[in-house]
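S.K.: Provided below for reference: sequence and predicted model.
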Amino acid sequence: MIIYVSNAIEFRNAVDANEITTNIEKAFKEKTGRYPGSSEKASWNNSMQFMERIIRNSGVADDCGIFIEFNIPNTRMRVDFIVAGFDKKGNENFVIIELKQWSSANATEKKDVITYVGGGNKQVAHPSYQAWSYKEHLINLNEGIHTNNLNGYSCAYLHNYIEREPEPLKEEQYSDLLKSLLSSFLMIIKTYKNIFSTS
C-alpha cells in the first residue's frame, strides 16, 4: 500500500504551499482508517522540506513519480520516499530513499550503529543498509520490476546530521555496504541528475 502518490511538480507545489503534510495526513486517513501520530506528522513536515530541495535542485523531471510511505506487502517494512521515472535512454528507474531525523550516530563493531531514538540510545541498522534491504526485497519479490526491467537504486538521507571527522557512519566495517550505495547529499544530487535528467 502506498499512502501518497503524486508527480514531482505537484509535490514541489504542495511543499511550497505548506500543504504537503496535510495532504499526506488526509491520504493516510483514507487508506488506513486512522489518524497518523503527532511524531509522524512532525517527521513529514520536516523531511519533506528537505526532499523538495533535493527534487528541485537536482533537475528531476516534472512528471517523475513521487511515492511517500510505501508499506511493502506482507512485511513490516515501510519505505519513506521513492522517486521513479525514465532516464535519457528510456530506461525505467526508481530510487528508494530512507529518511532519518538523526543529528548524530556512533559506530559499533558490527554492521549496526547506535543513535538516539525513542527516548534513548539504541542499536539500529545502518540507514544505508536499511534502504538497500528495502530495495532488494522489492526486486526479489515484485514480478513487475523484472517484467518491466526497472532499475532500482537506494540511499539514505540524514538531513539533520552533522558529519564528523572521522565519520562513524563511514567506518571500515561499513565500507562494503557504502561502496554500492548512495550515501551522501551530493551523491543523491548526482545520481538523480544521471537517472532523471531531462536535458
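M.R.: Perfect, I can see it now.

S.K.: The protein: helices as residue ranges?
M.R.: In the chain, the helices defined using DSSP state H lie at 8-16, 20-32, 38-57, 127-141, 143-147, 175-179, 185-196.

S.K.: Other residues contacting the fourth one?
M.R.: It stands for helix 127-141. Identification of contacts with helix 127-141 by C-beta atoms under 8 Å, 6 or more residues apart in numbering yields 72, 75, 77, 79, 96-98, 100, 102, 111, 113, 125, 145-146, 152-156, 158, 169, 174, 177-178, 180-181, 183. Just so you know, the C-beta spots here come from the backbone N, C-alpha and C atoms, and that holds for glycine as well.

S.K.: What is the least confident helix or strand in this protein?
M.R.: Every helix and strand in the chain was compared by mean pLDDT, DSSP states H and E; the lowest is helix 185-196, with a mean of 47.

S.K.: what about H159, neighbour count?
M.R.: Applying other C-beta atoms under 10 Å, we find 16 residues neighbouring H159.

S.K.: Correction: the previous question concerned E40.
M.R.: Quick note: E40 (other C-beta under 10 Å) scores 15 neighbours.

S.K.: I139 too?
M.R.: The burial count for I139: 14, using other C-beta under 10 Å.

S.K.: From G85, how far out is it?
M.R.: 17 Å (C-beta to C-beta, to the nearest Å).

S.K.: ok, now D16?
M.R.: Taking C-beta to C-beta, one finds D16 at 21 Å from G85.

S.K.: Over to K31?
M.R.: 23 Å.

S.K.: neighbour count winner among these two?
M.R.: For K31 versus G85, neighbours defined as other C-beta under 10 Å are more numerous around G85 (22 against 14).

S.K.: Verify the stated contact: M48 with I20.
M.R.: Yes - M48 is within contact range of I20, at 4.8 Å (criterion: C-beta atoms under 8 Å).

S.K.: mind listing what the most centrally placed residue in the chain touches?
M.R.: Taking C-alpha atoms, centre = their mean, the centroid of the chain lies closest to I97, which sits 1.7 Å from it. Neighbouring residues of I97 by C-beta under 8 Å, 6+ apart: 51, 80-83, 131, 154-157, 188.

S.K.: I66: which of these is nearest?
M.R.: V83 (6.2 Å; C-beta to C-beta).

S.K.: got the contact list for the residue in the chain sticking out farthest from the centre?
M.R.: Residue farthest from the centre of the chain, counting by C-alpha atoms, centre = their mean, is E109 at 25.8 Å. Going by C-beta under 8 Å, 6+ apart, E109 touches Q173.

S.K.: Please report phi then psi for it.
M.R.: phi -70, psi -10 (degrees, to the nearest 10).

S.K.: do you know how far L169 is from H126?
M.R.: L169 sits 7 Å away from H126, going by C-beta to C-beta.
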